[in-house]
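>>> Provided below for reference: sequence and predicted model.
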Amino acid sequence: MKERVKDDGVWIEEITERNYSGDVLKNVIRTKSGETLNDNITVDNRLSIIADLFANENFQSMRYVKWMGALWKISSVEVIRPRLLLTIGGVYNGKTT
């Protein structure tokens, strides 16, 4: 996701989705009972992707991962070239393409 300024000085985000391959390093799913009818599902997973130049230059703007049929929030990115280690958490409900 990149940000740019429109003519009136308002920042907008431009989303670019890219496909990457890699490995699942950790695969944990937790449910948390709350005040809602259904339990909240949270994953505590680490994915290691093989990063290209685009990923290395834009890792700080990554917001979500499409994995296992759902969108998951990226909570942290660790740079270990040539890979990026992505830690994902709860379900992502933000803006997409």
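Nice, thanks for sending it over.

>>> find the least confident helix or strand in the chain, judged by mean pLDDT.
Of the helices and strands making up the chain, the lowest-confidence element is strand 2-5, at a mean of 57, by mean pLDDT, DSSP states H and E.

>>> residue 17 belongs to a strand?
No - in this structure, residue 17 is coil, not part of a strand, as judged by DSSP: H, G, I helix; E, B strand; the rest coil.

>>> pretty sure it contacts residue 97?
Yes - in this structure residue 17 lies within contact range of residue 97 using CB atoms under 8 Å: 5.3 Å. (Glycine included, C-beta is placed from N, CA and C.)

>>> which neighbours in the sheet does the next helix-or-strand element following the least confident helix or strand of the chain have, and how are they oriented?
Secondary structure here is assigned by DSSP states H and E; on that basis, the next helix or strand after strand 2-5 toward the C-terminus is strand 11-14. Within its sheet, and counting by DSSP bridges, strand 11-14 is paired with strand 2-5 (antiparallel).

>>> show me the strands in the protein, by range?
Counting by DSSP state E, the chain forms strands over residues 2-5, 11-14, 22-26, 29-32, 40-50, 64-67, 70-80, 83-91, given from the N-terminal end onward.

>>> quick one, which of those is packed in tightest?
strand 83-91 (a mean of 18; mean count of other CB atoms under 10 Å).

>>> and it, what's its mean pLDDT?
Strand 83-91 shows a mean pLDDT of 93 in the predicted model.

>>> please export the C-alpha coordinates of that strand as CSV.
Once non-C-alpha atoms are left out, strand 83-91 reads as follows in CSV (Å, rounded to 0.1, in the frame of the first residue of the first chain):
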residue,chain,number,x,y,z
ARG,A,83,13.1,-13.1,3.0
LEU,A,84,10.6,-11.2,4.9
LEU,A,85,9.1,-12.8,8.0
LEU,A,86,5.5,-11.8,8.4
THR,A,87,3.6,-12.2,11.7
ILE,A,88,-0.1,-12.2,11.1
GLY,A,89,-2.9,-11.8,13.7
GLY,A,90,-6.6,-11.1,13.5
VAL,A,91,-8.9,-10.9,10.5
